[in-house]
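Take a look and give me a structure for this.
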Amino acid sequence: MELVHLLRAVTVEFDLLGAEFAARHGLHTTDVRALIHLLDAARDGTPATPGRLGRQLRLNSAGTTALVDRLERLGLVRRSRDTADRRRVLLEVEEKATELGWAFFGPVIGEVVAAAEDFPADELETVRRFLATVLQSTRQMRA
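Model prediction:
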């Protein structure tokens, strides 16, 4: 249970950081979660569409449109037409959002990376497998 409690504590701290980031930049915590999903999609090479984002955030189409409109108005996200299918709209995170994120979260990311460097590769692989399994379990619970 100690691992469960530590994982919960880390989750709470990251949630608090996300809420502070949102408050500083006039965002809602859902906006921050949306940006994270869009950044993850870009990193994975997955096309990000409003429909996919809405499913991830569990928002209806009107809520998703309002969210994307707000992020676009703030200069954090842009819409573009898919060159392969002009009917499809793609979402991309603007450089401004990335810069804001790094300015705020960069120090904690740096500390996490530095902490990881103190562990041997096999231990990090164990931690990675554990976290991946926990993530899979929580996603299954939400589904």
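
any idea how far the residue nearest the centre of the chain lies from residue 10?
Using Cα atoms, centre = their mean, the residue of the chain that lies closest to the mean C-alpha position is residue 36, 1.9 Å off. Residue 36 sits 16 Å away from residue 10, taking Cβ to Cβ, to the nearest Å as the criterion. Every residue, glycine included, has its C-beta placed from N, CA and C.

what's the burial count for residue 5?
Using other Cβ atoms under 10 Å, residue 5 has 9 neighbouring residues.

buried set for stretch 30-42?
Neighbour-count burial for stretch 30-42, counted by 16 or more other Cβ atoms under 10 Å, picks out 31, 32, 33, 34, 35, 37, 38, 39, 41.

again, but for stretch 117-136
Residues of stretch 117-136 classed as buried: none (neighbour count, 16+ other Cβ under 10 Å).

In contact with the residue sitting furthest away from the middle of the chain, which residues?
Residue farthest from the centre of the chain, counting by Cα atoms, centre = their mean, is residue 120 at 27.2 Å. Applying Cβ atoms under 8 Å, 6 or more residues apart in numbering to residue 120 gives no contacts.
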